[in-house]
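# Sequence first, predicted coordinates after that:
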Amino acid sequence: DHPECAITNPEGEPLKLSGEYWPTPYNRTAWQYKVDLAVEAVELMGFNEIQFDYVRFPDGTWYYDAKTIDYRNTYGESKAQAVQRFLMYAADRIHAAGAYISADVFGETSMDYVCSYGQYWPAISNVVDAISGMPYPDHFGASGSWRPWEHPYDTLYSWGKSAMARQAETATPAAVRTWIQAYNAIRKPYNTYGPDEVSAQIRGL
């Protein structure tokens, strides 16, 4: 309904990324719409926390360069700035409504760089009340014959050390509230995730 808010090609036509159209994360009208819904959920429905699931740029944008994709980046911001500033805007309004704000991030975000989705751990943890990484073992790539999803303890222990390093770099860090994998691996050998695997992840964290 609002192609003027969309990520487009250079001709101004909305681009389909991963099979769907996306508002550009730089667009303040899209920010306001999303936060209006959040505040409505707090004020009319009584929620005491709004958790934004994956504040990020869409999949597949790395296939395009500046000549083939238009993010409509009005203010010349980096991806990380757009994500952080959205959360700053959301936090101001959601806190004023009397609720907490939290955000989900990819497991990769615990590394010491801005990921291609615009997520940078310290920039997000410094704004929200809780940050929830999603370090699902089967979302990490294999290293030779070593498959992270076959080593849930080691994978989450290593990830946790990386996340704590990012927390140490953050002036006012959020609470860390991590998602873990409780579904069977979606990659070969499709190993089962039951009580032992879930417990191993918890111990690792």
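Structure received.

# What lies in contact with the strand ranked longest in the chain?
Counting by DSSP state E, the longest strand found in the chain is strand 100-106. The contact list for strand 100-106, computed with Cβ atoms under 8 Å, 6 or more residues apart in numbering, reads 48-56, 87, 90-91, 94-95, 115, 117, 119, 121, 124, 127-134, 139, 174, 177, 179. Just so you know, the C-beta spots here come from the backbone N, C-alpha and C atoms, and that holds for glycine as well.

# can we see that at 6 Å?
Identification of contacts with strand 100-106 by Cβ atoms under 6 Å, 6 or more residues apart in numbering yields 49-55, 90-91, 94, 119, 124, 128-133.

# That strand: partners in the sheet, and parallel or antiparallel?
strand 49-52 (parallel), strand 130-134 (parallel) (DSSP bridges).

# show me what contacts residue 94?
38, 50, 101.

# ok but the first one is inside a helix, no?
Yes: judged by DSSP: H, G, I helix; E, B strand; the rest coil, residue 38 forms part of a helix.

# before we move on, the earlier item: with neighbour count and pLDDT added, can I get the contacts of residue 94 in a markdown table?
Formatted as a markdown table, these follow (neighbours: other Cβ atoms under 10 Å; pLDDT from 0 to 100):
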| residue | neighbour count | pLDDT |
| --- | --- | --- |
| 38 | 21 | 98 |
| 50 | 24 | 98 |
| 101 | 24 | 98 |
